[in-house]
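A.B. asks: My questions are about this predicted structure, shown below with the sequence.
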Amino acid sequence: MQTRRGTLKKIIFAIILIIMIVFAFANFIYRNNERIISQNTEYITEASKQKAQRINYILRDAQNNINILAYLYGQTITEDEEVNMDDLRHMADSSPFAFIQFADKNGRDVDESGKVNDVSKKDYFIRGMRGESGISAMTNSILTDGKLVLFYAPLEVNHKIIGVLMGLYQEKQLEELLYSAYFNEPNRSYLCTRDGTVIAGSLDTENLDNIITYFTVDNYLRAKDNTELIRSINEGTPYNFRYDGRSGPGIAYVTGIENSDFVLCQIFPSNVTKRMSNAANSRGAILAAQLIVALVLYIIILLMTDSRNKKRLILENKEMSYVIAGTTNLFDRFIFVDLENNTYKYLVGTCPRNAAIPPEGNYPQLLSHLLSAMADPEEQANMGEELRADNIQQKLGESLSNLSYEYCIERNQRQWEGLSIICLKRKGGVATQLLYTRQNVTASKIEELETNIALRESFQAAKAANQAKSDFLSHMSHDIRTPMNAIMGMTDIAAMNVDDPAKITDCLDKIAISSHHLLGLINEILDMSKIESGKMVLSEEEFSLTDATENLLSIMLPEIEKKKQNLSIDINNITHHYVIGDL
């Protein structure tokens, strides 16, 4: 049942994860689009500033060119001389202007075809006749019947203004100047006047007359952006904004052209933004799809393994019942102790019916119950100190898992009981929840005591055997030296009396006696049973006491003479010369 609940929780968790992935993906798309738009906004802002600066340089150079041409031409003609059309063409060919025109002091302007145009009421003519030079935009010029930018300067001859010289930039020239591309995609750039009128554009501008109308009417623009856009165009101040176009979200930037009344408006290609967003979003979509597929597979695997886990758990529960049955046979009491709350509780089925304490209560009750059964008052006092709550926590420390105690109890008869304390939970490194298990260990304790007694007895026997060996070898080492000294002494005497056969014979006899005695001692040493028993076994053999004394004297005499000592033996009063004993 618990396994099934666990599996259900995992499935619910996986479903929640899928929902979270979907929401995360939606958030990712939103943030990714915002990031790309912000990135492209910065890009077009910087590019627009650079283009506005470049246009400013070109317009300034064009103005300087028309000023220089007017000055130089004024130096080459007289006041009554008419302006030659060939001279105007020659100046146009050597300048950046499409063509150059001249309006006399009455405002009469003759174009290339010979047509006379009256420009006397035009603002640029009036200013030029006042001695001013400047730039003027024309959306429907009477000179070219189209859009153009006109650069004008007064033509002076002998310090007298005889007319206005005009250099014209046609719309096509301006289109080439405005052209640019972002990521290989041409963008739309427009040169406008301060009222939003479009003078020229990098792309088709036939249906675009006013940039303000384009954004505020043809495309959706927030009211705040609408107001700011109009203010920016009128004042020529920088402003970037977003709008919702027909092909998706767009980005635009407006900035004034320095030293002129023109405004540059650049629009970032919306299809580029859309393409960049789609590319980034598709990668995110693939990742999200992979995660969702992985989670779905995970759910399927959970469902497939649930039945197998169920069978396995049934088998495990059956095997665990064997463990529990065996454990309850080994331990007759299981007590849960909570030192944090100072309480105890017998686990189900382990509290005896006639128990002297209730199945649960406070810890001092349990401690008093445990101590009351102990037979020895001294042991009772010691265990009372050992089982105190703070002492147990101190002994367990931060890493020790269990404690074990044994004590003697008096219940009808003297018995031994074992108490194991197992740490179940710690809080801040201090043991707070414990499991007490009690077990009757009388049989094993008696066996242990008997084993200890047997070990002590074995130890004492081994110690006695070692002492016997030491004593025996101590005595034998002295007994061996005596016949060895005799053999060595007799050998030396025989060597000094080589010419005396009788002396040599006597020495050899004594050497034989000493050797026989030495062999007997060695046999005694090799008989380990005599050493281990700590005593010598006496044999009963007939021998002559007189001969034995003489043989002993023969063995000891060389050592006595070597040390220059005297030995007196009196055997005259011996009654029995032949006896039975161990020689």
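C.D. replies: That came through fine.
A.B. asks: which other residues reach the longest strand along the chain?
C.D. replies: When the chain is parsed with DSSP state E, its longest strand is strand 413-427. Contacts with strand 413-427, where a contact means C-beta atoms under 8 Å, 6 or more residues apart in numbering, come from 331, 336, 340, 370, 373, 375, 392, 396, 398, 400-409, 431-442, 444-446. In this view, the C-beta of every residue, glycine as well, is placed from N, C-alpha and C.
A.B. asks: Okay, and which of these map to strands?
C.D. replies: Among the contacts of strand 413-427, DSSP E puts 336, 402-409, 431-440 in strands.
A.B. asks: Derive a ChimeraX selection command for the buried subset of these.
C.D. replies: Buried residues among these (16 or more other C-beta atoms under 10 Å), as a ChimeraX selection:
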select :403,407,408,409,431,432,433,434,436,437,438,440
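A.B. asks: low-confidence ranges in the stretch 1-150 of the chain?
C.D. replies: Low-confidence regions of the stretch 1-150 of the chain, defined by pLDDT under 70, span residues 1-7, 112-113, 141-146.
A.B. asks: What ranges does it have for its strands?
C.D. replies: In the stretch 1-150 of the chain, the segments counted as strands under DSSP state E, counting those that start in this stretch are 99-104, 108-110, 116-118, 134-138, 148-157.
A.B. asks: Just put those strands in JSON lines and tack on distance to L419.
C.D. replies: Compiled in JSON lines, those are given as follows (distance: least, C-beta to C-beta, whole Å):
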{"stretch": "strand 99-104", "distance to L419": "116"}
{"stretch": "strand 108-110", "distance to L419": "121"}
{"stretch": "strand 116-118", "distance to L419": "121"}
{"stretch": "strand 134-138", "distance to L419": "104"}
{"stretch": "strand 148-157", "distance to L419": "105"}
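A.B. asks: between these, which one is nearest to I12?
C.D. replies: Closest approach to I12 among the strands of the stretch 1-150 of the chain (C-beta to C-beta): strand 134-138, 68.6 Å.
A.B. asks: May I have the phi/psi pair for G256?
C.D. replies: Phi and psi for G256, reported as degrees, to the nearest 10, are phi -80, psi 150.
A.B. asks: pLDDT at the residue lying closest to it once chain neighbours are set aside, what is it?
C.D. replies: Closest residue to G256 apart from its sequence neighbours, by C-beta to C-beta, 6 or more residues apart in numbering: G236 at 2.5 Å. Note for G236: predicted pLDDT of 89.
A.B. asks: any idea how far G236 lies from G201?
C.D. replies: 18 Å (C-beta to C-beta, to the nearest Å).
A.B. asks: tell me which helix or strand of this structure sits lowest on mean pLDDT?
C.D. replies: helix 528-533 (a mean of 56; mean pLDDT, DSSP states H and E).
A.B. asks: In PDB, could you pull the C-alpha coordinates for the following helix or strand past that helix?
C.D. replies: Counting by DSSP states H and E, the element after helix 528-533 in chain order, helix or strand, is strand 541-544. The C-alpha trace of strand 541-544 is given here as PDB (Å, rounded to 0.1, in the frame of the first residue of the first chain):
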ATOM      1  CA  GLU A 541      68.400 -50.900  40.700                       C
ATOM      2  CA  GLU A 542      71.100 -52.600  42.700                       C
ATOM      3  CA  PHE A 543      74.400 -50.800  43.000                       C
ATOM      4  CA  SER A 544      77.500 -50.600  45.300                       C
END
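A.B. asks: ok, then the element right after strand 541-544?
C.D. replies: Note on strand 541-544: by DSSP H and E, the next helix or strand toward the C-terminus is helix 545-562.
A.B. asks: ok, residues contacting that following helix?
C.D. replies: The contact list for helix 545-562, computed with C-beta under 8 Å, 6+ apart, reads 482-483, 485-486, 488-490, 492-493, 509-510, 513-514, 517, 566-567, 569, 571, 574, 576-579, 583.
A.B. asks: where's the closest residue to E171 other than its chain neighbours relative to T451, distance?
C.D. replies: Excluding the flanking residues, the one nearest E171 by C-beta to C-beta, 6+ apart is K147, at 4.4 Å. Distance of K147 to T451, given as C-beta to C-beta: 119 Å.
A.B. asks: Can you tell me the centre-most residue of the protein?
C.D. replies: Closest to where the C-alpha atoms of the chain average out (C-alpha atoms, centre = their mean) is L291, at 22.5 Å.
A.B. asks: show me the contacts for that residue.
C.D. replies: L291 sits next to I21 when contact means C-beta under 8 Å, 6+ apart.
A.B. asks: Now name the helix or strand holding it.
C.D. replies: Per DSSP H and E: helix 270-330 holds L291.
A.B. asks: Helices of the protein, residue ranges please.
C.D. replies: Along the chain, the segments classed as helices by DSSP state H run 2-76, 85-93, 123-129, 171-178, 211-213, 223-235, 270-330, 363-372, 377-386, 389-396, 442-496, 501-526, 528-533, 545-562.
A.B. asks: Reformat those helices as TSV; add distance to A252.
C.D. replies: Below are the helices of the chain laid out as TSV (distance: least, C-beta to C-beta, whole Å):
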stretch	distance to A252
helix 2-76	8
helix 85-93	35
helix 123-129	30
helix 171-178	14
helix 211-213	9
helix 223-235	8
helix 270-330	10
helix 363-372	79
helix 377-386	85
helix 389-396	73
helix 442-496	93
helix 501-526	120
helix 528-533	116
helix 545-562	133
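A.B. asks: Would you mind finding the most buried of the ones you listed?
C.D. replies: Mean neighbour count (mean count of other C-beta atoms under 10 Å) peaks for helix 211-213 among the helices of the chain, with a mean of 20.
A.B. asks: which regions of the stretch 401-550 of the chain sit below the pLDDT cut-off?
C.D. replies: For the stretch 401-550 of the chain (pLDDT under 70), the answer is 411-412, 465, 468-469, 471-478, 524-538.
A.B. asks: With the stretch 251-400 of the chain instead?
C.D. replies: Low-confidence segments of the stretch 251-400 of the chain (pLDDT under 70): 288, 302, 309, 313, 316-332, 348-355.
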